[in-house]
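*Asks:* dropping the sequence and predicted coords here.
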Amino acid sequence: MGKGGMSHGNSGEEEENMAAWLLGVNNLKIQPFKLPPLGPRDARIRMKAVGICGSDVHFLKSMRLADFVVKEPMVIGHECAGIIEEVGTEVKHLVPGDRVAIEPGISCWSCHRCKEGRYNLCTDMKFFATPPVHGSLANQIMHPADLCFKLPDNVSLEEGAMCEPLSVGVHACRRSNIGPETNVLVMGAGPIGLVTMLAARAFGSPRIVIVDVDDHRLSVAKELGADETVKVSTDIKDVASEIEQIKKAMGAGVDVSFDCAGFNKTMSTALGATSSGGKVCLVGLGHSIMTVPLTPAAVREIDVIGIWRYKNTWPLCIEFIRSGKIDVKSLITHRFGFSQKEVEEAFETSAHGGKAIKVMFNL
Ligand SMILES: [Zn+2]
Ligand SMILES: [Zn+2]
């Protein structure tokens, strides 16, 4: 589709912009990526830190995620931060050289949900690396400037990129009204379980119990501040006994449970472990359809809520990191550069799981 190279006459643009393109199953290639022209409200950003998300790995392994199917080559990546290179004529809050964390989703601002403020539910959302929209694992990207959030001096670009996964935890806590009187259960100690735990603590939760099948993940959760951990199996027959273990570990009622895995078993456990009148928030999307004991939970007036991405979370995430209330640095376990070989290695490292929590590119 090339209509010639970069057309801007600005200095420093002779270099060819490169990006990591998803071309097929297990096929990622660094190739040229032509940017659209700078609009009046846009910013051109040089990427410096990009994290790998479970959804990126899912697209790489199967070219699909839920209803989203990759049909055309697509640039991958959406957890990112960088440095402003150029801004459009109407942009007032940023200048070249500013370090920014980037919110990936561009909503329409004219549909009912957008006008209501719930722009994460926009039916016309254009979100990095959700087909057919290109992502941000590239030397440079173009993005609306209102989705670029300036980082304070003591917040690194990697921490800026971590605002994206952290936003999921922050949005889940807001939806569930977490506060200083909310005892929290977190099902799953993967990256999203951990950021949800960190967010719940920052929102004031006095007691947090986290559950996983993996000892290493539980030890990480403990180091990051979980009050108690419970190791569980993947066998649905263990639900009743594990609910008792969780209740004992909490020592008080569970007010809110976050299911950050999203399987029949984790949701059944969450519904059973939550006290009457509490809430269960589904965060992880393991099974697309679940069979769970909903009726016994409904008659105990447990509210079941879901979340979809996040909205208006970047300023709070940046503040939590700036003030030291949340440490996201400890979640970054692996770092890679931006060469063909390293991109392949990085995605394999993330896909393999094990001791990898967050895999980060430094560009
Ligand atoms: Zn993500
Ligand atoms: Zn909209």
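*Replies:* Yes, it's here. Residues are numbered from 1 along each chain as shown. Ligands and ions are numbered 1, 2, ... in the order given.

*Asks:* wait, residue 304 touches residue 297, no?
*Replies:* Yes. With contacts counted by CB atoms under 8 Å, residue 304 reaches residue 297, the gap being 7.1 Å. For glycine as for every other residue, the C-beta is placed from the backbone atoms N, C-alpha and C.

*Asks:* mutual contacts of the two, please.
*Replies:* 271, 280 (CB atoms under 8 Å, 6 or more residues apart in numbering).

*Asks:* just want to know which of these two has more residues nearby.
*Replies:* residue 297 (21 against 18; other CB atoms under 10 Å).

*Asks:* tell me the SS of the nearest residue to the more buried one once chain neighbours are set aside?
*Replies:* Nearest residue to residue 297 in three dimensions, chain neighbours excluded: residue 271, at 4.2 Å (CB to CB, 6 or more residues apart in numbering). Following DSSP: H, G, I helix; E, B strand; the rest coil, we place residue 271 in the helix state.

*Asks:* residues contacting residue 271?
*Replies:* Contacts for residue 271 (CB under 8 Å, 6+ apart) come out as 257, 280, 292, 293, 294, 296, 297, 302, 304.

*Asks:* at 10 Å what do you get?
*Replies:* 239, 243, 257, 259, 278, 280, 292-298, 300, 302, 304 (CB atoms under 10 Å, 6 or more residues apart in numbering).

*Asks:* which one of those sits closest to ligand 1?
*Replies:* When those are compared for distance to ligand 1 (CB to the ion), residue 259 wins out at 17.5 Å.

*Asks:* and that closest one, how many neighbours does it have?
*Replies:* Neighbour number of residue 259 under other CB under 10 Å is 32.

*Asks:* over to residue 221?
*Replies:* Neighbours around residue 221, by other CB under 10 Å: 26.

*Asks:* the one 5 residues further on now?
*Replies:* Around residue 226 there are 26 other residues, counting by other CB under 10 Å.

*Asks:* helices or strands up against the helix or strand of the chain with the lowest mean pLDDT?
*Replies:* The weakest-scoring helix or strand in the chain, judged by mean pLDDT, DSSP states H and E, is strand 64-65 (a mean of 87). Helices and strands touching strand 64-65, by 3 or more CB pairs under 10 Å, 6 or more residues apart in numbering; DSSP states H and E, are helix 54-62.

*Asks:* from ligand 1, how far out is the residue nearest to residue 297?
*Replies:* 26 Å (CB to the ion, to the nearest Å).
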